[in-house]
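J.: sharing a model prediction with you, sequence too.
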Amino acid sequence: MKQLFTFFICLSVTCMIHAQSMDTEDGTNPEWHQSGDLQFGVYGGFTSNILSEDTNFNDDEDASGNAFLLGAQADYYLGKNWSLKGRLNFEKRDFGNGISGNYITVPLGVAWHFGKNRRWHLSLGAAYNASLDSDLESGFGTDFNIGVVIPISKLRFFIELDGVTQTDAIDFTFTDPDGNPSGEASLNSNRSSLTLGILF
């Protein structure tokens, strides 16, 4: 999943540079959105979930697992290049080692749409992770999203890579041999996803 994410980032940067060199701001394009346009979408996908003591998420000893998510999104366009992007996800997160749970996640961000037809986008914002299980904590985190729209006939599909982080996803209390609390610790979570959806 990490290699796929790195490849997708490199591909996106290359396409962005090429697309911007071809772009003409004075032109018009029927695929461009205007200020005030509202676009909806639904999607589902595969997730990779990691728990770590820090925010590097690269340690081989980190707990990790795979699961899925389902969601819906809305883009409110401020112009042909920018939109406010909101999403609502149901996520099954499996961190491995018997740790799993369900979340309702609400990412909100600002999206930049680029390319000749504005089919690519980058989005950065915040996300609230609402845990539906008592063993896992709710909390705020960051959200990064990159994707591309793929028109097929009259349908508009999209593929996205998305990453959501959360600090203090799980809290632990350590006890001494007598059962008295001796310390506390917490683990941070990172959820990466690859999703496929349709716009309407």
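T.: Structure's in. What do you need? This is a predicted model, so every value here is computed, not measured.

J.: what is the residue nearest to residue 82 when sequence neighbours are not counted paired to in the beta sheet?
T.: What sits nearest to residue 82 in space, not counting adjacent residues and going by Cβ to Cβ, 6 or more residues apart in numbering, is residue 112, at 6.2 Å. The C-beta positions use only the backbone N, C-alpha and C, and glycine is treated the same way. On the basis of DSSP bridges, residue 112 is bridged to residue 82, residue 122.

J.: next, count neighbours for residue 112.
T.: 14 (other Cβ atoms under 10 Å).

J.: could you identify the longest strand within this protein?
T.: In the chain, assigned by DSSP state E, the strand with the most residues is strand 155-175.

J.: so what's the gap between the very next helix or strand once past that strand and the chain middle?
T.: Next in sequence after strand 155-175, counting helices and strands by DSSP states H and E, comes strand 181-199. Strand 181-199 sits 11 Å away from the centroid of its parent chain (Cα atoms, centre = their mean, to the nearest Å).

J.: same deal with stretch 142-162?
T.: A distance of 12 Å separates the centroid of the chain from that of stretch 142-162, by Cα atoms, centre = their mean.

J.: mind listing what's buried in it?
T.: Going by neighbour count (16 or more other Cβ atoms under 10 Å), the buried part of stretch 142-162 is 142-149, 156, 158-162.

J.: and for stretch 84-94?
T.: Using 16+ other Cβ under 10 Å as the test for burial, stretch 84-94 gives 85, 87, 89, 91, 92, 93, 94.

J.: where's the first one, which helix or strand?
T.: Spelled out, that is residue 85. strand 82-96.

J.: what about that strand, average pLDDT?
T.: Strand 82-96 shows a mean pLDDT of 96.

J.: picking up where we left off before, and the buried residues of stretch 84-94 as TSV, adding distance to residue 118?
T.: As requested, these are exported to TSV (distance: Cβ to Cβ, whole Å):
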residue	distance to residue 118
85	14
87	19
89	24
91	28
92	33
93	32
94	36
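
J.: that older thread, partners of the longest strand of the chain, with directions?
T.: Partners of strand 155-175 in its sheet, by DSSP bridges: strand 139-152 (antiparallel), strand 181-199 (antiparallel).

J.: now the angle from the first one to strand 82-96?
T.: With axes from the mean of the first three to the mean of the last three Cα atoms, to 10 degrees defining the directions, strand 139-152 sits at 110 degrees from strand 82-96.

J.: need the residues that contact strand 139-152.
T.: Residues outside strand 139-152 that contact it (Cβ atoms under 8 Å, 6 or more residues apart in numbering): 8-9, 12, 85, 107-109, 111, 119-129, 156-169, 189, 199.

J.: thank you kindly, that will do.
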